[in-house]
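In: Model the following, please.
(one chain, ligands or ions: 3)
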Amino acid sequence: MPKYVYDFIEGDRSRADLLGGKGANLAEMTRLGLPVPPGFTISTDACRAYLATGTPPAGLFEEVNAHLREVEARLDRWLGDARDPLLLAVRSGGRYSMPGMMETILDIGLNDTTVGGLAARSGDERFAWDSYRRLIQMFGHTVYGVPTEEFAHELESVRATAGAAGPSAGQLRDLVETYKKIFARHVGRDFPQAPHEQLFLAVNSVFESWNSERARIYRRQERIPDDLGTAVNVMAMVFGNLGPDSGTGVAFTRDPATGARGVYGDYLADAQGEDVVAGIRNTTPLPELERIDPVSFRRLMEIMDTLERHYRDLCDIEFTIERGTLWMLQTRVGKRTAAAAFVIAAQLVDEGLISADEALTRVTGAQLAQLMFPAFDLTGAPGPLAVGVGASPGAAVGRVVFDSAAAAAATDPVILVRRETNPDDLPGMIAAAGVLTSRGGKTSHAAVVARGMGRTCVCGADALAIDAERGEFTVGDEVVRAGDVISIDGTSGRIWRGPVPVQPSPVSRYLAGELSPQADPLVAAVHRLLDHADAVRRLGVRANADTPEDARRARRLGAGGVGLCRTEHMFLGERRELVERLILAEGPAEREAALAALLPLQRADFAGILAAMDGLPVTIRLLDPPLHEFLPALPELTARVARAEALGADPGRDGTLLAAVRRMHESNPMLGLRGVRLGLVVPGLFAMQVRAVAEAAAQRRRAGGDPRPELMVPLVGDVRELAAVRLEAERVLAEVADAPEIPIGTMIEVPRAALTAGEIAAEAHFFSFGTNDLTQTTWAFSRDDVEGSFFGAYLERGIFPVSPFESIDAKGVGRLIRLAVAEGRAARPELTVGVCGEHGGDPESVAFFADAGLDYVSCSPYRVPIARLAAGRAAV
Ligand code: ADP
Ligand code: MG
Ligand code: MG
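Out: Ligands and ions are numbered 1, 2, ... in the order given. Below is the predicted model of the structure:
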């Protein structure tokens, strides 16, 4: 018989796969001797078995009952006992935190009899009836899908007739009767009175909540696998709604928005936990608990300290105080903003809790990318319309929309404005540029979810009176309608009418050399972690740069050279005409004249880039795209010629061009006459480029510089192609006095090159994987054609976990890379190997390239810091 159920005292935090994050951490806290109500966890194995067959696995009920009896014995209190009933919480919790996405049912065990026992034991009849009505509502909704609004509506009308002190016990008892009727009408049976039946129905519906629509959407967004299943935690209830000396709250050991140390969280007196998270009632800032209940406050601070030292990281916590006794209901290593991640990692190093190497594992390249986003430029901006709580940083500008569907459908940036959000708003939150709510604090649903996905969010802006029906909100007598543009600042919580201009963030200004590394705690933390990444990484980081400005920018951002200098842009603009002359040349004399005109221009281009990267390698790629890309497009030319002919005029040059375009037309230009093929069939083209590079380098040397150009041949599939180009190039190089040694290498970007890398290495000083083309040619799809067509469906269906153009396909394309590295190095041990596709700036791909033993990655200049960090992470 497999084991499915684990008492909290059996588990620990290393078993999150089996027990879910919540269960594993409840077990960990229990082991640490912290006050956790007793309970047990039903494993994710059981959930997967349930989801596969639609019924609980054999023996599960017996096993649950056995563990329940132990809990009952420990508390000396029984489920269903009419005089002193044990009540249970049944809580979801998978491997990865999915806040509010799955179900939790509280107060299991109440029925028409036990409600009396609860009233007697607690001495609070109102509390007992209120708990019963909560159970019917939560259970009805979760297990049977009874609409919450029907219950909420009845509750509202009772509250409306009750006095300031709230509904009386009698009113609540009547409300329970009404609730039971609503339940029976929707479900077609009476509310189950048997506590064990309640328990098992609740467990099954928690299993099922794994596959709810919102849980699936959330997983796709967060890239959490769909087949993990959730664990179910069953534990004794404790009550925060037993009067003013009770309450419930959420706390963070540091500020999850900025990383600052202090007391952060929200507290709600006389309330049950879900009231806080739902953001329904306005909460008290946690520091005030010190005044309300100093003993519990001090105990909580101690526990938070214990947890931080134990987990060596920011923790977030859910707790409840029942009549002055503190209970821990949840903890986990808390989600945080990108800024907080950097600041906290640096602080923990200072506090001696983690090493600098470990600090690198606490931040990601994606987080650094977020910190490089622009921020609002407030010079001359009007005063804000209102100020809420800055819940998730960022500067968002967009049109106001009031419902999630409209946000999801919008094609331009929108700000989703809601009183509060709930899990059904997820599609809208994903689509929106920012989220703004009028209720709830830093721990409300809106705040937690937005932070998790890096979405800008301002919440709790209670000056806003939102009327979604009318499609407007008002602040005082200002009216903002759906479609009006607003700007929200997720750091300061400020809200402006109209668009506020944005400017570079402090981190990007620091990276550009405009701010000192000590400018603020965040910049200092970024500086420190990048420094450490540079110290430990084995992978070099170069940049793709085609102009001296790009090269200079890349160098400031920490690039160790140029890994890809494309030359095609050097043939555009006014030079197009020279290329046309080259293409249309009739005979060697005209061709040589065209090339001779291009030579000095190219030389100057290269001299500029070599100067910007003095002392560092600059890999220059010989011309790659098909030549007809430099000619006017066929429809445009055809129209021009037709117009001329209609007017009876001679189309002249256009006529010749049209003939050339028709002659050179290709059905699949990506697979046509380009790259090395061009060099081999257009006499003198590559020789001219090689000469320009060599002469530019010679010129720089004579001027005292240290130019380090490298020549790179694109699209090679066979060693003989490369050998032919190399022979010609070396002849040219030998003719240029004062040129440095210039290595000649090749791109590996078609499968045949990877498969014959050993042979190719005999002719190549270096390899550079062109992973964009290698991905296209390995999968046989053209990026321009597929991204807008079936990629969406493939991502949706999970055929791609992520686009292979974004993160390297390690299994397929990656295998070719590993093979080529191994065979290339076997043939030529000193072979330098890099990568210059866009994958070079993708953190996940960088980790792969480090593992594959590459020497460097090359990426766009602004991704250089991200690649440096990712390379550092890959080395620890
Ligand atoms: P989520 O994963 O959505 O946060 P939880 O399982 O944590 O869901 O439950 C939601 C709320 O229910 C918690 O915030 C907590 O305050 C309350 N709760 C959970 N377990 C108990 C318990 N044993 N006693 C009292 N309240 C509980
Ligand atoms: Mg929780
Ligand atoms: Mg290519």
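In: Off-centre distance for stretch 751-767?
Out: 36 Å (Cα atoms, centre = their mean, to the nearest Å).
In: Gln808 and ligand 1: what is the separation?
Out: No Gln there; residue 808 is Ile. Ile808 is 34 Å from ligand 1, where distance means Cβ to the nearest ligand atom, to the nearest Å. (Glycine included, C-beta is placed from N, CA and C.)
In: for Asp467, same thing?
Out: 29 Å.
In: Likewise for Pro225?
Out: 19 Å.
In: And the spatially closest residue to that residue that is not a sequence neighbour, which helix or strand is it part of?
Out: Distances taken as Cβ to Cβ, 6 or more residues apart in numbering put Arg219 closest to Pro225, at 7.4 Å, once the chain neighbours are dropped. Using DSSP states H and E, the element containing Arg219 is helix 213-222.
In: hmm, who's touching whichever helix or strand comes after that helix?
Out: The helix or strand immediately downstream of helix 213-222 is strand 230-236, counting by DSSP H and E. For strand 230-236, the external contacting residues (Cβ atoms under 8 Å, 6 or more residues apart in numbering) are 8, 18-20, 22-23, 26, 36-44, 46-47, 64, 67-68, 71, 75, 77, 86-94, 102, 199, 203, 206-207, 209-210.
In: How about the contacts made by the closest residue to ligand 1 within the stretch 601-750 of the chain?
Out: As assessed by Cβ to the nearest ligand atom, ligand 1 sits closest to Glu749 within the stretch 601-750 of the chain, at 46.9 Å. Applying Cβ under 8 Å, 6+ apart to Glu749 gives the contacts Pro714, Leu715, Phe769, Gly770, Thr771, Asn772, Asp773, Leu774, Thr777.
In: Now narrow the contacts of strand 230-236 to whatever sits close to ligand 1.
Out: Pro37, Ala89, Arg91 (Cβ under 6 Å from any ligand atom).
In: Let's see which of those residues end up in strands.
Out: Ala89, Arg91 (DSSP state E).
In: Now do the helix holding Arg219 and strand 230-236, the angle between them.
Out: 120 degrees (axes from the mean of the first three to the mean of the last three Cα atoms, to 10 degrees).
In: Let me know the average pLDDT across helix 213-222.
Out: Here helix 213-222 scores 86 as its mean pLDDT.
In: what's the answer for stretch 747-758, then?
Out: Throughout stretch 747-758, pLDDT has a mean value of 98.
In: In PDB, could you pull the C-alpha coordinates for it?
Out: Output of stretch 747-758 as PDB, limited to C-alpha atoms (Å, rounded to 0.1, in the frame of the first residue of the first chain):
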ATOM      1  CA  MET A 747      29.600  30.700 -38.200                       C
ATOM      2  CA  ILE A 748      28.100  27.400 -37.400                       C
ATOM      3  CA  GLU A 749      24.500  28.000 -38.400                       C
ATOM      4  CA  VAL A 750      23.400  25.100 -40.600                       C
ATOM      5  CA  PRO A 751      23.100  21.600 -39.300                       C
ATOM      6  CA  ARG A 752      25.700  20.300 -41.900                       C
ATOM      7  CA  ALA A 753      28.300  22.600 -40.500                       C
ATOM      8  CA  ALA A 754      27.700  21.300 -37.000                       C
ATOM      9  CA  LEU A 755      27.700  17.700 -38.200                       C
ATOM     10  CA  THR A 756      31.100  18.200 -40.000                       C
ATOM     11  CA  ALA A 757      32.600  20.500 -37.400                       C
ATOM     12  CA  GLY A 758      35.700  18.400 -37.100                       C
END
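In: Could you give the separation of the helix or strand hosting Ala341 from the chain centroid?
Out: Under the criterion of DSSP H and E, Ala341 resides in helix 338-350. Offset of helix 338-350 from its chain centre (Cα atoms, centre = their mean): 19 Å.
In: what do you get for stretch 827-835?
Out: With Cα atoms, centre = their mean as the basis, stretch 827-835 stands 34 Å off its chain's centre.
In: Mind listing residues that contact it?
Out: Outside stretch 827-835, the residues touching it (Cβ under 8 Å, 6+ apart) are 540, 542, 563, 619, 743, 745, 757-759, 761-762, 764-769, 771, 817, 821, 824-825, 849, 853-858.
In: what about burial for these, which qualify?
Out: 540, 542, 563, 619, 743, 745, 757-759, 761, 764-769, 771, 817, 821, 824-825, 849, 854-858 (16 or more other Cβ atoms under 10 Å).
In: So which of those sit within strands?
Out: Gly540, Arg542, Gly563, Thr619, Gly745, Phe766, Phe767, Ser768, Phe769, Tyr856, Val857, Ser858.
In: circling back: isn't the residue nearest to Pro225 up against Met98?
Out: Yes: counting by Cβ atoms under 8 Å, Met98 is a contact partner of Arg219 at 7.2 Å.
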